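Q: pasting a predicted model and its sequence here:
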Amino acid sequence: LINEIGYLELQAPGLGRRFFAEVARVEALIVEFPAAATEIRPNIRRRMLRKFRFTLLYSIEKQGVLILALAHHSRRPGYWGGRL
């Protein structure tokens, strides 16, 4: 997340901050409605960002929501699977 914010900020001033705001917006949706997103594997759900080509992948745990990955849409599908 931090690397992407820095990269986007170098591309255009303010873009990294807008990216972070969008990630925070999606995180808030996940916390408020954790079961509303599409389940792509057992106990793994995804919520896409609207303004950027990224997806937040997460699981619902007893203690709360666990963010597993911030996945770019251009990367190889499932590359984040090794993080489980």
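A: Now that the structure is in, tell me what you want to look at.
Q: where does this protein have low pLDDT?
A: Along the chain, the model assigns pLDDT under 70 to residues 74-84.
Q: what strand or helix carries the residue nearest the centre of it?
A: Centroid-nearest residue in the chain, with Cα atoms, centre = their mean: Leu56, separated by 2.1 Å. Leu56 belongs to strand 54-61 when assigned by DSSP states H and E.
Q: and the gap between the residue nearest to the centre of the chain and Phe33?
A: As for Leu56, its distance to Phe33 is 13 Å (criterion: Cβ to Cβ, to the nearest Å). C-beta: built from backbone N, CA, C; applies to glycine.
Q: over to His73?
A: Distance of His73 to Phe33, given as Cβ to Cβ: 22 Å.
Q: then Ile67?
A: From Ile67 to Phe33 the distance is 15 Å (Cβ to Cβ).
Q: same check, this time on Val23
A: Distance from Val23 to Phe33, by Cβ to Cβ: 16 Å.
Q: so those two - more neighbours on which side?
A: Val23 (19 against 10; other Cβ atoms under 10 Å).
Q: and that one, what is it in contact with?
A: Leu1, Leu49, Phe54, Leu56, Leu70 (Cβ atoms under 8 Å, 6 or more residues apart in numbering).
Q: so what pairs up with the fourth one in the strands?
A: Residues found in beta-bridge contact with Leu56 (criterion: DSSP bridges) are Arg47, Leu70.
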